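Peer 1: structure of the sequence below:
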Amino acid sequence: MKSAIRPRLGVNVDHVATVREARGTHYPEPVTAASLAELAGADQITIHLREDRRHIQDRDVRLLRETVETRLNLEMGATREMLEIADDIQPDMVTLVPERREEQTTEGGLDVVGNASRLADYLSELSECGAHLSLFIDPDPDQIAASARLDVDIVELHTGDYCEAAGPFTNAHRPSNFDRKQELKRLREAARVADSLDLVVAAGHGLDYKNVLDVAAIPQFEEFNIGHSIVSRAVLVGFEQAVREMIDALHTGRRTALELL
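Peer 2: Take a look at the predicted model:
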């Protein structure tokens, strides 16, 4: 049963590279961070190679492909350049994400409904690299159904609206128009829809050590891709400890689901 599945943690090391690129140095090293994350129990390393190369660089992708011992999840835009990189690197998993140069980070999910034909052609070519295929989408039943029709393995549901929603853990300096309970209900219902369509259900964007608890309690979520909060915590306690604390948070949330059965 889904509630018995141990939640998997994918550690996104993009923001280790963000610190490096801020000063144009050769440190801190995302490859080292990935190794420490794996030592601490991470199930996957996630990186987003953006078109503008604002953090992760091509050499990072190559080195991580050589050194990651769990799974390497490459997040990327659906472009010809990225298709060629995926074919060359052959990551274990590819997650297609929307990408706009002006955004601070990935905001919102792919419009699979409006781009189904183009994505079908792209995914057909992408499948030749042998990776598990994932789409980063909003928790919307129509987007989930459209994703299932494209025969992908995984949908990663965008948790940003929930994380930004008004609630006990919201940043008081960032007022939100979203209602936390409603957004959590939306995630719960979307996860059930995705699971009913035999999709592996992942969660990502904006999750931290507190707001992840309620999401981890949704039994259909099998995988969590989390980066910024882990890297931020690592500044204070070290990378291995930060990863272990997030794994503990995921397990605490999942135990809540089991206790409610």
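Peer 1: now do the strands in this protein.
Peer 2: 8-12, 44-48, 72-76, 93-96, 132-137, 154-158, 200-204, 221-226 (DSSP state E).
Peer 1: what mean pLDDT does the last one have?
Peer 2: By that I understand strand 221-226. Over the span of strand 221-226, the pLDDT mean works out to 98.
Peer 1: show me what that strand is packed against.
Peer 2: strand 8-12, strand 44-48, strand 154-158, strand 200-204, helix 212-216 (3 or more Cβ pairs under 8 Å, 6 or more residues apart in numbering; DSSP states H and E). Every residue, glycine included, has its C-beta placed from N, CA and C.
Peer 1: contacting residues around the third one?
Peer 2: In other words, strand 154-158. 93, 95, 108-109, 132-139, 144, 147, 187, 190-191, 194, 199-205, 221, 223, 225 (Cβ atoms under 8 Å, 6 or more residues apart in numbering).
Peer 1: so which of the strands of the chain is nearest R254?
Peer 2: R254 lies closest, by Cβ to Cβ, to one member of the strands of the chain: strand 221-226, at 8.9 Å.
Peer 1: buried residues, stretch 52-67. List them.
Peer 2: H55, I56, Q57, D60, V61, L64, R65 (16 or more other Cβ atoms under 10 Å).
Peer 1: could you list the low-pLDDT ranges of the stretch 51-200 of the chain?
Peer 2: Counting by pLDDT under 70, the ranges of the stretch 51-200 of the chain that qualify are 100-107, 166-177.
Peer 1: at 90 instead, please
Peer 2: Applying pLDDT under 90 to the stretch 51-200 of the chain picks out residues 99-108, 165-178.
Peer 1: okay if I get the helices and strands packed on strand 221-226 as JSON lines plus mean neighbour count and distance to T79?
Peer 2: Listed next are the helices and strands packed on strand 221-226 as JSON lines, based on neighbours: other Cβ atoms under 10 Å; distance: least, Cβ to Cβ, whole Å:
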{"stretch": "strand 8-12", "mean neighbour count": "26", "distance to T79": "20"}
{"stretch": "strand 44-48", "mean neighbour count": "26", "distance to T79": "13"}
{"stretch": "strand 154-158", "mean neighbour count": "27", "distance to T79": "19"}
{"stretch": "strand 200-204", "mean neighbour count": "25", "distance to T79": "20"}
{"stretch": "helix 212-216", "mean neighbour count": "21", "distance to T79": "30"}
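Peer 1: can you count the residues close to D151?
Peer 2: D151 is flanked by 11 other residues according to other Cβ atoms under 10 Å.
Peer 1: let me see the contact set for it.
Peer 2: So D151 contacts L123 (Cβ under 8 Å, 6+ apart).
Peer 1: quick one: closest of the helices and strands packed on strand 221-226 to A165.
Peer 2: Short answer: helix 212-216, nearest of the helices and strands packed on strand 221-226 by Cβ to Cβ, at 11.0 Å.
Peer 1: ok, so what distance separates the residue sitting nearest the centre point of the chain from V113?
Peer 2: For the chain, N225 is the residue whose C-alpha lies nearest the centre (Cα atoms, centre = their mean; 3.3 Å). Going from N225 to V113 by Cβ to Cβ, to the nearest Å gives 23 Å.
Peer 1: same thing with I45?
Peer 2: 30 Å.
Peer 1: how close does the closest residue to I5 other than its chain neighbours sit to L110?
Peer 2: In space, and not counting its chain neighbours, I5 is closest to E222: 5.5 Å by Cβ to Cβ, 6 or more residues apart in numbering. Distance check for E222 against L110: by Cβ to Cβ, it reads 20 Å.
Peer 1: does L197 touch A146 like I think?
Peer 2: No - between L197 and A146 there is no contact under Cβ atoms under 8 Å: 10.5 Å.
Peer 1: of those two, who's got more company?
Peer 2: Each of L197 and A146 has its neighbours counted (other Cβ under 10 Å); A146 has more, 20 against 15.
Peer 1: and that one, what does it touch?
Peer 2: By Cβ under 8 Å, 6+ apart, the neighbours of A146 are V112, V113, A116.
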